[in-house]
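Student: here are the coordinates; sequence isn't available:
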Ligand SMILES: Cc1ncc(COP(=O)(O)O)c(C=O)c1O
């Protein structure tokens with residue numbers, strides 16, 4: 001007798017697909033409640049207690065528990081009323097196709113196993129690389145998030161420093177204290193000390209980097225790379241990428257740009273000049289699960305010279321040899337121009353007569369620290385292909401316009417104070433006279449009343465309110481409704 005777990009169950013399929021259909025049809029998506037004890041119906045542990053048992057349960061009972069008690073205890077990051085941290089706003093097409101990726105068990109480790117998935121993912125990576133102005137031949141892979149991408153990229157920066165003449169035994173990466181917390185964590189994992197450069201008005205600037213590197217500051221001679229941010233998480237500021245990039249180039253340093261949040265704004269012609277210099281990167285991170293309207297978890301990691309990353313990240317084992325040899329009907333990188341690590345070598349869509357007639361094998365596993373991986377770029381690929389890039393540009397521009405309108409409204413509201421004009425889509429402001437405790441109580445009340453999810457931050461040592469806009473449906477009317485609760 002076959003194990004029932006592997007037999008198609010029509011009733012269960014209808015049940016689960018029906019749930020998905022209903023969730024996708026919600027308009028707007030309800031905010032719901034997260035982990036605030038006050039909003040929970042009781043102990044979640046009790047609600048689901050005993051569910052994992054030798055004999056199992058009816059699918060409808062388990063789904064009902066999920067739907068009634070668990071799903072509602074998760075704040076919907078895709079609600080237009082979610083303005084905390086960095087929200088999400090996956091398109092309907094991307095969510096639907098995420099189900100295809102799941103139900104097809106589509107994975108994306110190697111060309112041998114998953115050429116179809118990898119070719120589509122690479123099409124998206126090429127699109128993003130072109131947006132950033134990277135030369136033909138740039139490529140990489142999708143990883144789970146900005147944190148994983150920063151770690152993988154900085155590992156390549158560290159391990160290839162000797163190719164650029166560094167002899168240090170104690171490599172350092174230059175950054176400011178405005179870099180995302182995951183950069184600090186990545187450096188810790190890699191055993192690298194940060195070389196902290198003072199930020200000027202919260203931004204890393206080329207001339208300040210140059211001065212710090214030329215000074216007798218301890219560690220200056222050990223710097224092998226620099227990590228800049230294009231869209232800081234707290235305030236949406238973009239570092240001086242042109243200045244920093246040219247210092248990095250001149251000094252032979254690895255130039256990494258974390259555009260995990262801000263990268264979506266590359267689509268906006270008006271915002272694009274903020275990113276001038278991004279074309280100089282050695283490695284670039286853009287999280288489509290943030291401002292490119294893809295579902296979790298999806299981060300694009302792109303290298304200017306993927307061969308360098310491949311040399312660092314390829315996992316060697318007898319059982320993996322098969323993914324590194326030439327496949328019939330494809331072009332193996334080794335058959336091409338010598339792999340000297342220059343741009344254009346060993347990359348998706350790289351030039352060369354071979355690519356006109358044959359696909360080039362590409363193993364996503366070779367470009368980050370991972371091995372098995374979900375083909376998490378596919379939901380974005382499907383959505384981009386269906387809606388077209390203009391629709392994406394328009395969605396990004398709507399968000400930018402809404403952020404400006406929110407700032408304008410705040411600046412004419414007497415009891416509020418705008419901290420600074422938004423650069424991208426994060427708006428910092430203060431309620432005159434409020435303490436940290438006031439912001440926290442207000443934030444909890446807003447969620448309890450299902451008006452919005454807005455958590456406070458701090459700015460220059462002062463408690464501050466922060467709106468992170470990312471959903472095109474977060475209109476100025478919603479913003480008005482929220483700020484009226486601060487009167
Ligand atoms: C600038 C920046 N970098 C990195 C990250 C980390 O990304 P993830 O949460 O996808 O790991 C974030 C998250 O908000 C971010 O804003």
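Tutor: Right, received. Where do you want to start? All figures in this text were calculated on a predicted structure; none of them were measured in a lab.
Student: which parts of this protein are strands?
Tutor: For the chain, the strands defined by DSSP state E cover 139-143, 172-175, 193-196, 223-229, 254-258, 283-286, 299-303, 416-418, 426-431, 457-459, 462-468.
Student: how about the ones you listed, which one is nearest residue 22?
Tutor: When those are compared for distance to residue 22 using Cβ to Cβ, the nearest one is strand 462-468, at 27.6 Å. For glycine as for every other residue, the C-beta is placed from the backbone atoms N, C-alpha and C.
Student: quick one: contacts of the closest one?
Tutor: Identification of contacts with strand 462-468 by Cβ atoms under 8 Å, 6 or more residues apart in numbering yields 83-87, 234, 403, 406, 419, 425-431, 434-436, 439, 454-458, 479, 482, 486.
Student: also near the ligand: which of the residues you listed, exactly?
Tutor: If you filter the contacts of strand 462-468 for contact with the ligand, counting by Cβ under 6 Å from any ligand atom, you are left with residue 86.
Student: would you list the buried entries among the contacts of strand 462-468?
Tutor: Among the contacts of strand 462-468, the ones that count as buried by 16 or more other Cβ atoms under 10 Å are 83-87, 234, 403, 406, 419, 425-431, 434, 439, 454-457, 479, 482, 486.
Student: before we move on, the earlier item: could you export the strands of the chain as a markdown table, including mean pLDDT?
Tutor: As requested, those are arranged in a markdown table below (pLDDT from 0 to 100):
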| stretch | mean pLDDT |
| --- | --- |
| strand 139-143 | 98 |
| strand 172-175 | 98 |
| strand 193-196 | 98 |
| strand 223-229 | 98 |
| strand 254-258 | 98 |
| strand 283-286 | 98 |
| strand 299-303 | 99 |
| strand 416-418 | 98 |
| strand 426-431 | 98 |
| strand 457-459 | 98 |
| strand 462-468 | 98 |
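Student: of the ones you listed, which approaches residue 208 most closely?
Tutor: Using Cβ to Cβ as the measure, strand 172-175 is the one of the strands of the chain that comes nearest residue 208, at 10.2 Å.
Student: thinking again about what came up before, could you dump the strands of the chain into JSON lines and include distance to residue 366?
Tutor: Supplementary listing: those in JSON lines, determined by distance: least, Cβ to Cβ, whole Å:
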{"stretch": "strand 139-143", "distance to residue 366": "8"}
{"stretch": "strand 172-175", "distance to residue 366": "22"}
{"stretch": "strand 193-196", "distance to residue 366": "27"}
{"stretch": "strand 223-229", "distance to residue 366": "20"}
{"stretch": "strand 254-258", "distance to residue 366": "18"}
{"stretch": "strand 283-286", "distance to residue 366": "14"}
{"stretch": "strand 299-303", "distance to residue 366": "11"}
{"stretch": "strand 416-418", "distance to residue 366": "47"}
{"stretch": "strand 426-431", "distance to residue 366": "35"}
{"stretch": "strand 457-459", "distance to residue 366": "38"}
{"stretch": "strand 462-468", "distance to residue 366": "34"}
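Student: for those strands, which one sits closest to residue 108?
Tutor: Across those (criterion: Cβ to Cβ), the nearest stretch is strand 139-143, sitting at 7.6 Å.
Student: what is the closest one packed up against?
Tutor: Applying 3 or more Cβ pairs under 8 Å, 6 or more residues apart in numbering; DSSP states H and E, one finds that strand 139-143 contacts helix 111-131, strand 299-303, helix 306-313.
Student: tell me the angle of the last one relative to strand 299-303?
Tutor: The reference is to helix 306-313. Between helix 306-313 and strand 299-303, the angle comes out at 110 degrees (axes from the mean of the first three to the mean of the last three Cα atoms, to 10 degrees).
Student: which other helices and strands does helix 306-313 contact?
Tutor: strand 139-143, helix 146-159.
Student: now the helices for the stretch 251-400 of the chain?
Tutor: 288-291, 306-313, 354-357, 378-387, 389-411 (DSSP state H, counting those that start in this stretch).
Student: in the protein, what secondary structure element scores lowest on mean pLDDT?
Tutor: The least trusted helix or strand in the chain, going by mean pLDDT, DSSP states H and E, turns out to be helix 354-357, with a mean of 52.
Student: what about whatever residue of the stretch 351-487 of the chain ends up closest to the ligand, how many neighbours?
Tutor: Using Cβ to the nearest ligand atom, residue 468 is the residue of the stretch 351-487 of the chain that sits closest to the ligand, at 9.0 Å. The burial count assigned to residue 468 is 26, neighbours taken as other Cβ atoms under 10 Å.
Student: what is it paired to in the beta sheet?
Tutor: residue 426 (DSSP bridges).
Student: list the residues that contact residue 164.
Tutor: For residue 164, the contact set (Cβ under 8 Å, 6+ apart) comprises 224, 252, 253, 254.
Student: could you find the closest non-adjacent residue to the second one?
Tutor: It refers to residue 252. For residue 252, the nearest residue in space outside its immediate sequence neighbours is residue 164; the separation is 4.0 Å by Cβ to Cβ, 6 or more residues apart in numbering.
Student: that older thread, in terms of mean pLDDT, which of the helices of the stretch 251-400 of the chain ranks lowest?
Tutor: Set side by side, the helices of the stretch 251-400 of the chain show their lowest mean pLDDT on helix 354-357, which sits at a mean of 52.
Student: quick check: residue 389 vs residue 295, distance?
Tutor: Taking Cβ to Cβ, to the nearest Å as the measure, residue 389 and residue 295 are separated by 19 Å.
Student: neighbour-wise, which of those two wins?
Tutor: Comparing residue 389 with residue 295 by other Cβ under 10 Å, the one with more neighbours is residue 295, at 24 against 12.
Student: do you know the pLDDT at the more buried one?
Tutor: pLDDT recorded at residue 295 is 98.
Student: what's it sitting at in phi/psi?
Tutor: Comment: the main-chain dihedrals of residue 295 come out as phi -70, psi 160, following degrees, to the nearest 10.
Student: excluding covalently adjacent residues, which one is nearest to it?
Tutor: Here the residue nearest residue 295, using Cβ to Cβ, 6+ apart, is residue 90, at 4.2 Å.
Student: ok, that neighbour - contacts?
Tutor: By Cβ under 8 Å, 6+ apart, residue 90 lies in contact with 78, 98, 289, 293, 294, 295, 379.
Student: of those, closest to the ligand?
Tutor: Among the contacts of residue 90, and counting by Cβ to the nearest ligand atom, the member closest to the ligand is residue 289, at 6.5 Å.
Student: the closest one against residue 147, yeah?
Tutor: No - counting by Cβ atoms under 8 Å, residue 289 stays clear of residue 147, with 11.9 Å between them.
Student: which one's more surrounded, the two?
Tutor: Taking residue 289 and residue 147 together and counting by other Cβ under 10 Å, residue 289 has the greater number of neighbours (27 against 20).
Student: could you list every residue that touches that one?
Tutor: Residue 289 makes contact with 88, 90, 145, 295, 296, 297, 298, 299, according to Cβ under 8 Å, 6+ apart.
Student: out of those, which comes closest to the ligand?
Tutor: Minimum separation from the ligand among the contacts of residue 289 (Cβ to the nearest ligand atom) is found for residue 145, which lies at 2.6 Å.
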